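Enquirer: just need the structure, nothing else, for what follows:
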Amino acid sequence: MRYLLLVSHGTMAPGIKSVIEMLLGPHDNLIAYSMEDGVGADAFVAGLKEALAPIGADDSVVVLGDIIGGSPLTNTLNVLSEKGLLPKTIAFGGVNLPMTISALMAIEDGLDDEALKAQVQSEGKEGIREVVLDLGDDEDEEDL
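Expert: Residues are numbered from 1 along each chain as shown. Predicted coordinates:
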């Protein structure tokens, strides 16, 4: 099975998972784990190992983390390495909701690694745009 793993500081990862389940329903291959305030790296790693228990040697993982170089993502990659899963892992930083939806859909569609990477990165970037409002001309105002 290919898993989608969300990791973050605070409650971002579980929050994104909650939204995904609200929009798309529950998914057995979706795991979220976060480093909450006041939790050290050792406690995070211990809990993460429990959260990753369903992932076996024949599985693969797509990891979406909040910050590249942040403790949740780097510790997650270390744990996946210890489990021998790093060669079957694709990892991204800068997670947002559109890229998470895209990753889940790519996994469900069985896209190969390169197509999955391209789709996730494209959706992640496209999901970040300024919202430009057309306020129109207010022709009713009198010129002073």
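
Enquirer: contacts and neighbour counts: CA atoms only from here.
Expert: Will do.

Enquirer: list the buried residues of the helix or strand where Pro14 lies.
Expert: Element membership of Pro14, judged by DSSP states H and E, is helix 12-24. Along helix 12-24, these residues count as buried under the neighbour rule (16 or more other Cα atoms under 10 Å): 12-14, 16-17, 20.

Enquirer: likewise for stretch 72-80?
Expert: The neighbour-count check on stretch 72-80 (16+ other Cα under 10 Å) flags 72-73, 75-77, 79-80 as buried.

Enquirer: repeat that for stretch 53-67.
Expert: 55, 60-67.

Enquirer: which residues does it contact?
Expert: In this structure, residues lying in contact with stretch 53-67 by Cα atoms under 8 Å, 6 or more residues apart in numbering are 1-9, 12, 72-73, 83-85, 88-95, 100, 103.

Enquirer: buried members of those residues into PyMOL, please.
Expert: Restricted to buried positions by 16+ other Cα under 10 Å, the PyMOL selection for the contacts of stretch 53-67 reads:
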select buried, resi 2+3+4+5+6+7+8+9+12+72+73+85+88+89+90+91+92+93+95+100+103
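
Enquirer: strands - which of the contacts of stretch 53-67 land there?
Expert: Using DSSP state E to define strands, the subset of the contacts of stretch 53-67 located there is 2-9, 89-92.

Enquirer: what's the farthest-apart pair in those residues?
Expert: Greatest spatial distance among the ones in strands among the contacts of stretch 53-67 (Cα to Cα): Arg2 and His9, at 23.4 Å.
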